[in-house]
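Peer 1: how would this look folded up:
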Amino acid sequence: MNFYQKALALFPYTQSVRRDIHQHPEIQHEEIRTAKIVADTLQSLGMPVKTNIASTGVLGLLEGNGEGPTLMIRADMDALSMQETNDVPYASKYDGKMHACGHDGHVAMLLTAAKLLTEVRNSFPGRVLFLFQPAEEGGFGALRMLEAGALEWVKPDFCLGLHLWNEMPVGTMIVHGGPIMAGARMFEINLKGKGGHGAVPHLAIDPVLTASQITVAVQSIVARNISPLDSAVISVCMIQTGTASNIIPDTALIKGTMRAFTPEIFETLSNRLVEVVEGIAKAMGCEVDVTLGNPILPTTNNDTIAGLTKEAILEILPETTIDEHHQTMGSEDMSIWLDKIPGCFFFLGSANAEKGLNYSHHHPKFDFDETALPMGAASLASAAVKILESK
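Peer 2: This next block holds a predicted model:
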């Protein structure tokens, strides 16, 4: 089957599913309506389905022709807690909720890929496990599904996933082995000083000034502790303190994130963050408590599966430009699955500047060129068959 031509024929279906989900966004672990659409579709294709895994997760199993490996394909379903400002017929109907990262497209593409693969199920060995995941956006959806036994029904041998990517134009993809997205670790710094009047700061212990010194100083950690040939980021993203313009407060709260591609760099960032923060707090006379969150692993692809994925894409989309080197400091809990199952997570360019569809992910005007949808669905189906037939 020419998967891309078939996906083009199914485009009205794919688009309608995407737009329906976009109009009805559901945030982490509340994806009830979306999960029902998924489960109903998979059941209509004759698959056995499991639902309500770690809240709203859905699994569907497609049997191929005879013995062979199991390939899992994953899509995330959750929206974000933010207000959409797009003026389009399919804009969000829910105040304060929006699909601003493309997960509506991910669901639509994987359901379309399920239709494509169902039509050719007698032509490939093994089976395909379709996994629709809640709560990618900070809700530990992959971890919760894993802990709930999502891989115990049928143990996958390989896995696949893709992400629409508005940092690149339609017609381009990022596919390669090794790390493709950074790991992430959140941090929280609680400072306690001594409040007072802004007119007599010498009688107070100022947590605002301390927080300011810390914010500036942590930027030196990457600049002076990590090799310029390596990649790392520390960003302070939130400071909360104070109630009035003439009152020095008692406390200050700092929150932020660190990003890296290796455990060794994470360890350096974590250790130095604590040392720098505690040192400055002590020098300024503040008490301090530093909390480091559990790290999210880097999203790391298997070289062999990434190579097969690239081959499959070029067979159906020979004009596609594939970047085999790009990495991003963004993070993804697809890393949880890739840590357990060798696989490939790739990016599908979805921006179109001429149409004004080039706002970044998590922006209130985020939207993407829907011509990417058939490309993504066909790429998933083609890669699935290629991987299953190669083993």
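
Peer 1: Give me the phi and psi angles of Thr299.
Peer 2: Note on Thr299: its backbone torsions stand at phi -90, psi 110 [degrees, to the nearest 10].

Peer 1: Look up how far Met98 lies from it.
Peer 2: For Thr299, the distance to Met98 equals 24 Å [CB to CB, to the nearest Å]. No exception for glycine: its C-beta is placed from N, CA and C like everyone else's.

Peer 1: again with Leu129
Peer 2: Applying CB to CB to Leu129 and Met98 gives a distance of 29 Å.

Peer 1: Looking at these two, which is more packed in?
Peer 2: The neighbour comparison of Leu129 against Met98 (other CB atoms under 10 Å) goes to Met98, with 26 against 22.

Peer 1: the strands in the stretch 151-300 of the chain, which residues?
Peer 2: For the stretch 151-300 of the chain, the strands defined by DSSP state E, counting those that start in this stretch occupy 158-169, 172-174, 178-181, 183-192, 196-197, 232-241, 247-248, 251-260, 287-292, 299-301.

Peer 1: Would you mind writing the CA trace of the fourth one as PDB?
Peer 2: Put plainly, it is strand 183-192. What follows is strand 183-192, C-alpha atoms only, in PDB (Å, rounded to 0.1, in the frame of the first residue of the first chain):
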ATOM      1  CA  GLY A 183      16.100  15.500  30.300                       C
ATOM      2  CA  ALA A 184      14.700  17.900  32.800                       C
ATOM      3  CA  ARG A 185      14.800  18.500  36.500                       C
ATOM      4  CA  MET A 186      12.700  21.100  38.300                       C
ATOM      5  CA  PHE A 187      14.000  22.900  41.400                       C
ATOM      6  CA  GLU A 188      12.400  24.900  44.200                       C
ATOM      7  CA  ILE A 189      14.300  27.200  46.600                       C
ATOM      8  CA  ASN A 190      12.600  28.500  49.800                       C
ATOM      9  CA  LEU A 191      14.200  31.400  51.500                       C
ATOM     10  CA  LYS A 192      13.500  32.700  54.900                       C
END
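
Peer 1: Can you list the neighbours in contact with it?
Peer 2: Contacts to strand 183-192, defined as CB atoms under 8 Å, 6 or more residues apart in numbering, come from residues 207, 210-211, 214, 250-261, 266, 269-270, 273, 277, 281, 286-298, 331, 335.

Peer 1: Go through the strands of the stretch 151-300 of the chain and name the closest to Leu357.
Peer 2: Checking these against Leu357 by CB to CB gives strand 158-169 as the closest, at 7.5 Å.

Peer 1: Give me the helices and strands touching that closest one, please.
Peer 2: Packed against strand 158-169, as judged by 3 or more CB pairs under 8 Å, 6 or more residues apart in numbering; DSSP states H and E, are the following elements: strand 70-76, helix 103-119, helix 303-316, helix 334-340, strand 343-351, helix 372-390.

Peer 1: Can you work out which other helices and strands pack against the fifth one?
Peer 2: Applying 3+ CB pairs under 8 Å, 6+ apart, we find strand 343-351 packed against strand 158-169, strand 172-174, strand 178-181, strand 299-301, helix 303-316, helix 334-340, helix 372-390.

Peer 1: Burial-wise, tell me which of the ones you listed comes out on top.
Peer 2: Each of those was scored by mean neighbour count; the highest is helix 372-390, a mean of 25, by mean count of other CB atoms under 10 Å.

Peer 1: and Asn52, what does it touch?
Peer 2: Taking CB under 8 Å, 6+ apart, we find Asn52 in contact with Ala35.

Peer 1: Spit out the contact partners of Lys155.
Peer 2: By CB under 8 Å, 6+ apart, Lys155 lies in contact with Thr70.

Peer 1: how far away is it from Ser390?
Peer 2: Lys155 is 19 Å from Ser390, by CB to CB.

Peer 1: Relative to Ala9, which of the helices and strands packed on strand 158-169 is closest?
Peer 2: The closest of the helices and strands packed on strand 158-169 to Ala9 is helix 372-390. By CB to CB, the value is 8.8 Å.

Peer 1: Between strand 70-76 and the closest one, find me the angle.
Peer 2: On the basis of axes from the mean of the first three to the mean of the last three CA atoms, to 10 degrees, helix 372-390 is oriented at 160 degrees to strand 70-76.
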